[in-house]
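> fold the following.
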Amino acid sequence: MAHKLLRNAYESGLTMTAVLLCWSLALRLEAVAGLHTDVLVLAVALTLTLAGTQRTADTRRRLTALALLPATAAVSILVGRLIAAHYVIGAVVFTAGMSAPVWIRRYGRAATKAGTLMTLPFIALLVVPGPALPPKAQGALVSWGWAALIGVLAVSCVWLVQGLGDRYGPWRPDPEPANPPPRRPSPLRPRPSTRMAVQLAAAIAAAFVAGRLLFDDHWPWAVLTAYVAASGNRGRTDVVRKGIERLAGACAGTLLAAGVATAGVTGPASVALMFTVLAIALWLRPLNYAYWAAGMTTVLSLLLGRLGQDATSLLPTRLAAIAVGAALTVASAWWVLPVAKRRVAAPEAVRPSAGTDQRLARPSGSGAAQDA
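Now for the predicted structure:
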């Protein structure tokens, strides 16, 4: 256990180094170009979720990330604007954008990895508490450009830090098999990837509806929970477990955030505290997802406070939205094309999206990654 904790600390240290580097560059860009503060959140979210997917990536996968991530980051900005202007249409586009990468897993490992990269900016869209756009930008083209640039910065920072870590650090990641065994065709019809995509789409769509009806502008918390619990779905029990872990972690994070608010931590101290909590949550994430959920609840509560919102008063709403999102995901897994437990070993069904459920969504992306 001690060795595992030490190894986890090293890996989380690499990730946090990349996060801090990208955040610093985005901070400088914000000051020079007059961007909105949310661009910093986008930079952190993309770097955090990307780090898990690129840890064992070869040159081809890294170049794929360089091409896909900036492009999908720009598209995610447009989807965010569409949701703000036309909620129903935007929700349909977002749901399709999240479920399609799961459906294409049937086409092999390369498609699975590409699909994971495509989802990362959309996970970040749920984490960012507003459009990551320059407030004085004239026209959508400028907005796309800034989002794409942040994607390039995230990829570059992850490459640089992980490359230096592999060259000079004490550990290297276990390499993926050069010639993995081919996937056995699944006897299930529809195929596991189709079932997972349909279940995910049903859960996210229901979360969009319930989120807007019950929580108004705080609908992203329900949608994000639905994605986190449904991604990498290994069966009914797995979905229930992840939903419970997310809710339990959020409750613990609520208590911690309330204590921080009572202590009156503000200014640079609150920023330092956010990164400290994020590092600890990332370190303990491989042991149990509840640690990550608790840490992210605390971090986002502090972030909302810096953005002028009363984070403490919003915590009950956050917990309720998380509970609703988890319940909808469990219902989808149990009643929409359910997969019997004895069949979960089907190759397409057991391979989760790398870097989403493990990191963010683990917020997976980012959230990728998953806000709480």
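> where does the stretch 1-150 of the chain dip in pLDDT?
The stretch 1-150 of the chain contains residues with pLDDT under 70 at 128-142.
> which stretches in it count as helices?
In the stretch 1-150 of the chain, the helices defined using DSSP state H, counting those that start in this stretch lie at 2-33, 38-54, 59-85, 87-103, 109-127, 140-168.
> please, which helix or strand holds residue 171?
Under DSSP states H and E, no helix or strand contains residue 171.
> so it makes contact with residue 9?
No. Contact criterion C-beta atoms under 8 Å: residue 171 and residue 9 do not qualify, at 10.6 Å. C-betas here are computed from N, CA, C, even on glycine.
> among the helices of the stretch 1-150 of the chain, which comes closest to residue 225?
helix 109-127 (9.6 Å; C-beta to C-beta).
> between residue 171 and residue 9, who's got more neighbours?
residue 9 (15 against 12; other C-beta atoms under 10 Å).
> please list all residues in contact with the more buried one.
By C-beta atoms under 8 Å, 6 or more residues apart in numbering, the contact list for residue 9 reads residue 283.
> before we move on, what about residue 150?
Each residue near residue 150 by C-beta under 8 Å, 6+ apart is listed here: 26, 39, 42, 43, 46, 73, 132.
> distance check, it against residue 70.
8 Å (C-beta to C-beta, to the nearest Å).
> which of the helices of the stretch 1-150 of the chain sits most buried?
Mean neighbour counts were taken over the helices of the stretch 1-150 of the chain using mean count of other C-beta atoms under 10 Å, and the top value, a mean of 28, falls to helix 38-54.
> measure how that helix sits relative to helix 140-168, angle-wise.
Angle of helix 38-54 versus helix 140-168, following axes from the mean of the first three to the mean of the last three C-alpha atoms, to 10 degrees, is 40 degrees.
> format the CA atom coordinates belonging to helix 38-54 as PDB.
The C-alpha coordinates for helix 38-54 follow below in PDB (Å, rounded to 0.1, in the frame of the first residue of the first chain):
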ATOM      1  CA  ASP A  38     -13.400  31.300 -17.000                       C
ATOM      2  CA  VAL A  39     -10.600  30.700 -19.600                       C
ATOM      3  CA  LEU A  40      -8.400  29.700 -16.600                       C
ATOM      4  CA  VAL A  41     -11.000  27.100 -15.500                       C
ATOM      5  CA  LEU A  42     -11.100  25.700 -19.100                       C
ATOM      6  CA  ALA A  43      -7.300  25.400 -19.100                       C
ATOM      7  CA  VAL A  44      -7.200  23.500 -15.800                       C
ATOM      8  CA  ALA A  45     -10.100  21.200 -16.700                       C
ATOM      9  CA  LEU A  46      -8.600  20.300 -20.100                       C
ATOM     10  CA  THR A  47      -5.100  19.700 -18.800                       C
ATOM     11  CA  LEU A  48      -6.400  17.700 -15.800                       C
ATOM     12  CA  THR A  49      -8.500  15.300 -18.000                       C
ATOM     13  CA  LEU A  50      -6.000  15.100 -20.800                       C
ATOM     14  CA  ALA A  51      -3.100  14.000 -18.500                       C
ATOM     15  CA  GLY A  52      -4.700  10.600 -17.900                       C
ATOM     16  CA  THR A  53      -5.300   9.800 -21.600                       C
ATOM     17  CA  GLN A  54      -1.800  10.800 -22.700                       C
END
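> chain center to that helix, what's the gap?
With C-alpha atoms, centre = their mean, to the nearest Å as the basis, helix 38-54 stands 9 Å off its chain's centre.
> can you tell me which helices and strands it packs against?
If you count contacts as 3 or more C-beta pairs under 8 Å, 6 or more residues apart in numbering; DSSP states H and E, helix 38-54 packs onto helix 2-33, helix 59-85, helix 109-127, helix 140-168, strand 365-368.
> among the ones you listed, which is nearest residue 265?
Comparing the helices and strands packed on helix 38-54 by C-beta to C-beta, helix 2-33 comes nearest, at 18.8 Å.
> just confirm residue 287 is within a helix.
No. According to DSSP: H, G, I helix; E, B strand; the rest coil, residue 287 belongs to no helix; its state is coil.
> before we move on, back to that, can I get the helices of the stretch 1-150 of the chain in TSV including distance to residue 293?
Below are the helices of the stretch 1-150 of the chain laid out as TSV (distance: least, C-beta to C-beta, whole Å):
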stretch	distance to residue 293
helix 2-33	16
helix 38-54	14
helix 59-85	23
helix 87-103	20
helix 109-127	13
helix 140-168	23
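> closest to residue 303 out of those?
Of all the helices of the stretch 1-150 of the chain, it is helix 38-54 that lies closest to residue 303, at 6.9 Å by C-beta to C-beta.
> the closest one to helix 59-85, inter-axis angle?
Going by the same axes, to 10 degrees, helix 38-54 makes 140 degrees with helix 59-85.
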